[in-house]
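# Generate coordinates for the sequence data below:
(chains A and B)
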Amino acid sequence: MSEPWMIAGAWLATGLTIALFSFLYKDNPFFKIAEHLYLGAGMGWLFQVSVFSVWGPKIWTPISNGDLMVLVPSILGLSLMTQFIPKISWISRYGFTFLMGYGAGLAIPASLATDFMNQIMGTLQPLAGVSSMTPLAIVNSLIVAVGLVCVLFYFFFSVEHQGHFKKVSNIGVYFLMIYFGASFGNTVMARFSLLYGRFDDLYTFSGGNYFYATQIILAGMVVYFIVHELLRKKEASEGEAAQ
Amino acid sequence: MTKNKALHLAVLFLFTAGSAFAAKPAAVKKAPAQPAAAITGFAAADMPYDVGGAALLRWPVGHAETPDTVYTVFASTVENGGWVKADEFKAAGNSGKSVDLPFWAWDGSSSEHALKVDLNAAFGELPAGTVVHFKVESSVNGVVTAASEPVSAEPKGNWFRLDRLNNVVLFVVLVGVFFWAVSHAKRKGLFIRRIAGLDAIDEAIGRATEMGKPIYYTTGNQPISYIGTIASTFILGEVSKKVAQYDSMIQVPHYDPVVMTVCKEVVKQSYLEAGRPDSYRDDSNFFVSQDQFSFAASVDGLIAREKPAAVFFMGYFSAEALLLAEVGAANGAIQIAGTDAEGQLPFFFTACDYTLIGEELYAAGAYLSKEPMLLSALKVQDFGKLVVMLAVLFGTVIVMLGAKFHWDTLVNVVVNVFKAY
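All right, here's what the predicted structure looks like:
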C-alpha cells in the first residue's frame, strides 16, 4: 500500500492530466480549473526561481559580501521597471540602451562568424579535398552547395521571383520542404515520448494501490459530460418550445 | 689433451659470447639518457591574437630528425623544476604551417616547428603576469636524443585579433551598404518583392470585422531584444492600424511583460494614426504568463471561448506552437503565422493558412511599414546573402579547380578568407 500523500499526489496528477486532456473533447470546467491552476503555479514557480536563483545568489549574496559592483547591473535592470510609471519612464531608456548595445556587440561578431563565414566555409571546405574524394562524396558536396544557394535565393527580397529566378527559388523551396519534413518527423517523435510519459503515469495510477485513480476520475468526467449534454439538450428543447 | 683444451676453450667462448649477447639489450636499456645534441633556436612567446592562457613555441627542424622522432614539451610556472608535460607530438606531424591562423596573421614555414600550448589545460586559469617556463626534448623509441635550454614567456590577452580581420572587413562593408541603403531609401525608396502571406492580412481582418469576432495576435516567447520579436511588433503596428480602420477588435496576450509594454504603445500609436484613438482599449494587450505551457494552456482557453475569426502568430515560438495553432484551426480561425524558429515551422504549415518562413518575418515588418531603416536593414541582409551566394558559387569552382590542379596557394587563400576564426 502506498503512503497516503503518495495516493493524494497520484489523484492530483491523474486529475490534472485528464482535465487537460479533456480539452480535446471541448472546453469544460475541468479544463478551466487545470488551466488556472497551471497558470498560477507557473507564475509562482517563476517567482521563486527569480528570488532564489537570481536575486539571492546574484544580487543579495554579493552585496552582503561587500561586492557593490553588482549594483550597477541591478540598477540598470530595475530601470526597466520604470516603464510602468509614465512620469519617470524615461529612466528605462538607460536600461534598454545598455541591453541593446550589449546585445548587438555580442551578437554581431558571432552572427558574422556563424551566418556568413561558417556557411561559406562549411560548403567550400569539403571540396578542397576533391582530388581524394569519391564521386558520391563530390556529388554530395555539390548538392549542399546548390541547396545553400537556392535556399538563400528564396529569401532574397530585392528581385521579383519570376522567370529563371522563380525556378531557382522553387528549387530552394524543395530543399526547405525536405528539411521541414525531417524536422517535423523528429519533433513528432519527441512529442510522442512526452505523451507516453503521461500515459505511463495514468497506467501506474490505475492500479489498486492508488485506488484506481485513473478509472474513477475518467468515469466521473464521462458521467459529467453525458449529464451536461443531456441537460443542455433538455434546456434547448424547452427554449424552442417556449418560443 | 689438446682436443680437451680446444673443447674447453670452445665452451668458454660460446658461454662468454652467449652472456655478451644476452646482456647487450639490457646494457642499452640501462644506459643513461645522454642528450646527443642540444635543440637550438627554441623560443617561447605569448600566443598572438588570443584571450590569454596560451603560449607559442617555435624552433627549427633538426637535421637529425627522423619520422620516429617525438617531441615532448614541458612547462613550469616556477623558476627551477616543477616540469609538467604540456604536449607531445611526432615531428613529422607538425610544422610552422600547422598553426591555425590565416596567412595575413601568421607566416609559418615548413622548416620550423610551431606549437600552441594551452596553459589553462595544464595549470588551470593562470593569474595575470605569470611567467611560464618551457623546455622541449626530442626522443626516438623512448630515448632522449636532444633537449633545449629552458625559455620563458608571459601569456596575456590581446586587444586586437588580427586573425579576424576578414570579419572586420565584412562588417565595415555591411555598415557602408547600410548607410547607402538608408540614404537611398529616404530619397527614392527601395524595392522589396511581394510576400504572399501578407496579402492575407487584409482578408483575415476583413473576415473578423464581418463576423464581429476579435483578432488574436501573439508575439512569441522571446524578449523585446530578440530580432523576431521586434519584427513582430512592427507587423502588430500595421495589423492594429487596419483593425482600427475597420473598427474591429484586437486582443494581444503576452508572454513577456516588457514586450507587452512596448506593444501597448505600438497599438495605441496605430489607433492614433488611423484616426480612431477613441476605439483604443488599454486592456487589448494583457499579460498571461511567462511559463511556456501555462501560457499556451491559457491562450488556448481564450481562443476556445472567444472563438476569434483570425489569429496571428508572429515571433519566436517553441513547443507551444502547435498547441496554439491547432486550437485556432479547430475553432475555424484564419491563421497567419511567421516565425524564425525553424523547428516549429512544420507545425505552423500544418495548422495555419499562411506561414511566413524565417526571414520573411523580418521582411514583413519592412514590407508593411515601408520604414527606411527597416528597408535598409533588409537590403543589408540581401547584400549579405548575395555575398554568400557569390562566394559559394565562385568559391566552389576555384576550390575544385585548385584542388584538382594543385594550386595550393590559391586554395589556401580562399579557405583562409572565408574562415571564421
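# Which residues does the strand or helix carrying residue A:148 contact?
Residue A:148 is part of helix A:135-154 when elements are defined by DSSP states H and E. Applying C-beta atoms under 8 Å, 6 or more residues apart in numbering or on different chains, the set of residues contacting helix A:135-154 from outside is A:119, A:123, A:126-127, A:130, A:133, A:161, A:165, A:168-169, A:171-173, A:175-176, B:385, B:388-389, B:392-393, B:396. For glycine as for every other residue, the C-beta is placed from the backbone atoms N, C-alpha and C.
# three-state assignment of residue B:312?
Three-state secondary structure (criterion: DSSP: H, G, I helix; E, B strand; the rest coil) places residue B:312 in strand.
# Test my guess that residue B:250 contacts residue B:237.
No: with contact defined as C-beta atoms under 8 Å, residue B:250 does not count as touching residue B:237 (11.3 Å).
# Neighbour count: these two, which is higher?
Neighbour comparison, residue B:250 and residue B:237: the larger count goes to residue B:250, with 26 against 20 (by other C-beta atoms under 10 Å in any protein chain shown).
# Can you give me the distance of that one to chain A?
Plainly put, residue B:250 is 21 Å away from chain A if you go by C-beta to the nearest C-beta, to the nearest Å.
# and that residue, bridged to which residues?
Residues found in beta-bridge contact with residue B:250 (criterion: DSSP bridges) are residue B:215.
# what about the closest residue to chain B within chain A, how many neighbours?
Scanning chain A for the residue nearest chain B gives residue A:42, at 3.0 Å (criterion: C-beta to the nearest C-beta). With neighbours defined by other C-beta under 10 Å, the count for residue A:42 comes to 20.
# just to revisit the earlier point, using CSV, write out every CA atom in the helix holding residue A:148.
Backbone C-alpha positions of helix A:135-154 (Å, rounded to 0.1, in the frame of the first residue of the first chain) are rendered in CSV as follows:
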residue,chain,number,x,y,z
PRO,A,135,32.4,10.6,-56.9
LEU,A,136,29.5,10.2,-54.5
ALA,A,137,31.2,12.5,-51.9
ILE,A,138,31.7,15.1,-54.6
VAL,A,139,28.1,14.9,-55.7
ASN,A,140,27.0,15.2,-52.1
SER,A,141,29.2,18.3,-51.6
LEU,A,142,27.8,19.9,-54.8
ILE,A,143,24.2,19.2,-53.7
VAL,A,144,25.0,21.0,-50.4
ALA,A,145,26.4,24.0,-52.4
VAL,A,146,23.4,24.1,-54.8
GLY,A,147,21.0,23.8,-51.9
LEU,A,148,22.6,26.6,-50.0
VAL,A,149,22.5,29.0,-53.0
CYS,A,150,18.9,28.1,-53.9
VAL,A,151,17.5,28.4,-50.4
LEU,A,152,19.3,31.7,-49.9
PHE,A,153,17.8,32.9,-53.1
TYR,A,154,14.3,32.1,-51.9
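# Please state the mean pLDDT value computed over the following helix or strand past that helix.
Reading on from helix A:135-154 to the C-terminus, the next helix or strand found by DSSP H and E is helix A:164-204. Averaging pLDDT along helix A:164-204 yields 93.
# hey, where'd the strands end up in the stretch 251-400 of chain B?
Ranges of strands within the stretch 251-400 of chain B are B:285-287, B:310-316, B:334-339, B:354-357, based on DSSP state E, counting those that start in this stretch.
# So residue B:201 sits against residue B:239, correct?
Yes: the pair residue B:201 and residue B:239 passes the contact test of C-beta under 8 Å, sitting 6.2 Å apart.
# By proximity to chain A, which residue of chain B wins?
Nearest residue of chain B to chain A: residue B:291, at 3.0 Å (C-beta to the nearest C-beta).
# Nearest spatial neighbour of that residue, chain-adjacent residues omitted?
Taking C-beta to C-beta, 6 or more residues apart in numbering or on different chains as the measure, residue B:291 lies nearest to residue A:42, with 3.0 Å between them; neighbours along the chain are not counted.
# and what of residue A:71?
Across the structure, with C-beta to C-beta, 6+ apart as the measure, the residue nearest residue A:71 apart from its sequence neighbours is residue A:63 (7.0 Å).
# Run through the neighbouring helices and strands of the lowest-mean-pLDDT helix or strand in chain A.
Sorted by mean pLDDT, DSSP states H and E, the helices and strands of chain A end with helix A:92-111, the least confident at a mean of 86. Secondary structure elements in contact with helix A:92-111, counted by 3 or more C-beta pairs under 8 Å, 6 or more residues apart in numbering or on different chains; DSSP states H and E, are helix A:71-79, helix B:165-187.
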